[in-house]
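Student: pasting the structure only:
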């Protein structure tokens, strides 16, 4: 999500860091900063809100020089995108500087503790407490008459952090040393001749070296001009293999994947984790939505939720309707944003508006939001871009934190939206007291298992979808079927296929087959059926049995059936031509798993047909006109 670049060596450091950050711009950010040492004048720091160009203007007016330093481009999670909140962050003395990707979940408790110790905080961020924690460890050692190296102070500090982090630290008291630590977000170390690099992603340093260490969770790297030392968080020396990267710069931005879309499909476990991070407590079963100006009283007295969205976001909204109504027991209406204001909606000041958009700048969705506000409703935005217009005009925002999505066909933004909707539904249900603490805790525990389950699907289903693409890439039509909450996923599967492969595809509720679509079925029509079930849910099992009947309707007419089913379901394998298996999950979370095979199937068919996967014809990533 954010970009980090660090360097220690003999070169002038500023151009190295600025160029590295520029190569990470595709990740998205709202502010930038740099800290430099090595000129005998302590640590010099420059920051600016906005794009790198703003930081370069600051550096032009107030130049700095040195031979080691760190830089950062931030996408805000805590604090507004201002110069003060931009990275790097300092301790009280200004002699310790930190950049950080991730979220420190317990930062408020740590901040309170450090404040009582006399530390002064100047930003709204969680990152700043890391610098103060390190400062406190060094101070305590000095008061005991001991000298503590920077890396040891960092080890002790990270042991107190809850959450996810990739941090890089420098100190004016230990020149020519950079310390990096990882627990969650990625970090790579570059190896040169008498010079060493650290970055949050390969493109930031690939133009300098192709020899890299990829840090694992719990790894720490100490960089000096004489080399790199890798340890664990206990200080034990560890060995990591040096990897030689063969990618060219464009491939590097894609992480070695052939297309951005495929990279983003495989980033979904991380996107789901980041969307959940800092928002749930497994101890209490509570969901925390901090960026809300809507009171619990408003949530309790809401008579209806009106959701407006476009395209893929509309499919997420339709799945969200099932989540909200099932858990919070409040009626939900879902509109295409492009249609909402033209149907003259009835004013209701007790209805809440919910807008879903990846970019936050979609013209139709903005217009729907303004119509809701004009009708007296408070609005909430689910959005992937911090500070986007829709978020600025909303009364509350749930950022998905999926990271920038380059491929036009949305994948990780969609699953992140489903997770955000689930969090909203649980939060609303808790506020309205329609679920108890035990039920909340069980739901959130299942939510935390989703990233691992998606990783399992990616490991096992990708090659199966590639095989299916060889069989069905010449089909002229596809049909996608689902029941209940799986129906909007059928719609999304059809949309993905038509967007990138240009094959005509339709999504239908499975129960509607006998009301017309059965006329289309013959031996040339592939039919994708979502036949997953929650074994612990009676209604889900009933829908599954009815879906099996729909499958038999298709096979009786010689249609070719590709089923998405739960692992261990041998019964369905005897009825259909192909099965793509996914792990078990509760009914309301199954859409996150259902959609992954459909994304992969669409991708491999499009590749097989020679289509432009990342930039399909006639489509744009952000639709900013009606």
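Tutor: Great, that's in hand. As the structure is a prediction and not an experimental result, all values here were calculated from the model.

Student: of all the helix elements in this protein, which one is longest?
Tutor: Using DSSP state H to define each element, the chain has its longest helix at helix 437-472.

Student: got the buried residues for that one?
Tutor: Of the residues in helix 437-472, those scored as buried under the neighbour-count criterion (16 or more other CB atoms under 10 Å) are 440-441, 443-444, 446-447, 450-451, 453-458, 461-462, 464-466, 468-469, 472. For glycine as for every other residue, the C-beta is placed from the backbone atoms N, C-alpha and C.

Student: same deal with stretch 327-340?
Tutor: Under the neighbour-count criterion of 16+ other CB under 10 Å, stretch 327-340 has 327-328, 330, 332, 334-338, 340 buried.

Student: out of those, which sit inside helices?
Tutor: With helices identified by DSSP H, the entries of the buried residues of stretch 327-340 that belong to them are 327-328, 337-338, 340.

Student: TSV for these, including distance to residue 197 and pLDDT?
Tutor: Output for those, formatted as TSV (distance: CB to CB, whole Å; pLDDT from 0 to 100):
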residue	distance to residue 197	pLDDT
327	47	97
328	49	96
337	44	93
338	47	90
340	50	90
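
Student: report the two of the residues you listed separated the most.
Tutor: 327 and 338 (28.3 Å; CB to CB).

Student: and of the ones in helices among the buried residues of stretch 327-340, the nearest to residue 585?
Tutor: Ranked by distance to residue 585 (CB to CB), those are led by residue 327 at 15.3 Å.

Student: quick one: contacts for the closest one?
Tutor: Each residue near residue 327 by CB atoms under 8 Å, 6 or more residues apart in numbering is listed here: 425-426, 428-429, 434-435, 443, 588.

Student: may I see the ChimeraX selection of the buried members of these?
Tutor: Applying 16+ other CB under 10 Å to those leaves a buried subset, and the ChimeraX line that selects it is:
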select :425,426,428,429,435,443,588
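
Student: these two touch, right, residue 264 and residue 408?
Tutor: No. Under the criterion of CB atoms under 8 Å, residue 264 is not in contact with residue 408, lying 10.7 Å apart.

Student: higher neighbour count, those two?
Tutor: For residue 264 versus residue 408, neighbours defined as other CB atoms under 10 Å are more numerous around residue 264 (27 against 20).

Student: now do the strands in the stretch 1-150 of the chain.
Tutor: Counting by DSSP state E, counting those that start in this stretch, residue ranges of the strands within the stretch 1-150 of the chain are 3-8, 31-37, 44-49, 68-74, 89-90, 96-104.

Student: next, format those as TSV and append mean neighbour count.
Tutor: As requested, the strands of the stretch 1-150 of the chain are arranged in TSV below (neighbours: other CB atoms under 10 Å):
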stretch	mean neighbour count
strand 3-8	31
strand 31-37	28
strand 44-49	21
strand 68-74	29
strand 89-90	24
strand 96-104	27
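
Student: can I get these in JSON lines including distance to residue 382 and mean pLDDT?
Tutor: As requested, those are arranged in JSON lines below (distance: least, CB to CB, whole Å; pLDDT from 0 to 100):
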{"stretch": "strand 3-8", "distance to residue 382": "24", "mean pLDDT": "94"}
{"stretch": "strand 31-37", "distance to residue 382": "23", "mean pLDDT": "93"}
{"stretch": "strand 44-49", "distance to residue 382": "24", "mean pLDDT": "93"}
{"stretch": "strand 68-74", "distance to residue 382": "21", "mean pLDDT": "93"}
{"stretch": "strand 89-90", "distance to residue 382": "29", "mean pLDDT": "92"}
{"stretch": "strand 96-104", "distance to residue 382": "18", "mean pLDDT": "91"}
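
Student: want to throw those into CSV with distance to residue 115?
Tutor: As requested, these are arranged in CSV below (distance: least, CB to CB, whole Å):
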stretch, distance to residue 115
strand 3-8, 27
strand 31-37, 24
strand 44-49, 23
strand 68-74, 23
strand 89-90, 16
strand 96-104, 15
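
Student: quick one: which of the ones you listed is nearest residue 61?
Tutor: Checking the strands of the stretch 1-150 of the chain against residue 61 by CB to CB gives strand 44-49 as the closest, at 9.3 Å.

Student: in terms of secondary structure, what does that closest one contact?
Tutor: Contact partners of strand 44-49 among helices and strands, from 3 or more CB pairs under 8 Å, 6 or more residues apart in numbering; DSSP states H and E: strand 31-37, helix 52-61.

Student: that one versus helix 52-61: what angle between them?
Tutor: Following axes from the mean of the first three to the mean of the last three CA atoms, to 10 degrees, one obtains 140 degrees for the angle between strand 44-49 and helix 52-61.

Student: tell me the angle strand 44-49 makes with strand 31-37.
Tutor: Interaxial angle, strand 44-49 versus strand 31-37 (the same axes, to 10 degrees): 180 degrees.

Student: hey, which helix or strand in the protein has the poorest pLDDT?
Tutor: The weakest-scoring helix or strand in the chain, judged by mean pLDDT, DSSP states H and E, is helix 249-253 (a mean of 66).

Student: to residue 239, which of the strands of the stretch 1-150 of the chain lies closest?
Tutor: Once those are compared by CB to CB, strand 3-8 is nearest, at 21.3 Å.

Student: that closest one pairs with which strands, parallel or anti?
Tutor: On the basis of DSSP bridges, the sheet neighbours of strand 3-8 come out as strand 68-74 (antiparallel), strand 196-199 (antiparallel).

Student: now these as TSV including distance to residue 574?
Tutor: Written out in TSV, the entries for the strands paired with strand 3-8 read as follows (distance: least, CB to CB, whole Å):
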stretch	distance to residue 574
strand 68-74	54
strand 196-199	51
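
Student: out of those strands, flag the one nearest residue 614.
Tutor: Set against residue 614 and scored by CB to CB, these come closest in strand 68-74, at 22.5 Å.

Student: related to what we said a few turns ago, got the angle for the helix or strand following the longest helix of the chain vs helix 437-472?
Tutor: Sequence-wise, the next helix or strand beyond helix 437-472 is strand 477-482, with elements assigned using DSSP states H and E. What separates the directions of strand 477-482 and helix 437-472 is an angle of 160 degrees, with the same axes, to 10 degrees.

Student: mind putting the helices and strands packed on strand 44-49 into JSON lines with distance to residue 97?
Tutor: Written out in JSON lines, the entries for these read as follows (distance: least, CB to CB, whole Å):
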{"stretch": "strand 31-37", "distance to residue 97": "4"}
{"stretch": "helix 52-61", "distance to residue 97": "15"}
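
Student: residue 315: which of the ones you listed is closest?
Tutor: Using CB to CB as the measure, strand 31-37 is the one of the helices and strands packed on strand 44-49 that comes nearest residue 315, at 33.0 Å.

Student: where does pLDDT dip in the stretch 1-150 of the chain?
Tutor: In the prediction, the stretch 1-150 of the chain carries residues with pLDDT under 70 at positions 1, 26-28, 75-79.

Student: tell me the SS of residue 300?
Tutor: The three-state label for residue 300, taken from DSSP: H, G, I helix; E, B strand; the rest coil, comes out as helix.

Student: what does residue 422 give?
Tutor: Assigned by three-state DSSP, the conformation of residue 422 is helix.

Student: quick one: buried residues of the helix or strand where residue 275 lies?
Tutor: Residue 275 is part of helix 268-276, with elements assigned from DSSP H and E. The neighbour-count check on helix 268-276 (16+ other CB under 10 Å) flags 268-276 as buried.

Student: turn the buried residues of stretch 327-340 into CSV, including distance to residue 488.
Tutor: As requested, the buried residues of stretch 327-340 are exported to CSV (distance: CB to CB, whole Å):
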residue, distance to residue 488
327, 17
328, 18
330, 19
332, 12
334, 9
335, 14
336, 13
337, 16
338, 17
340, 18
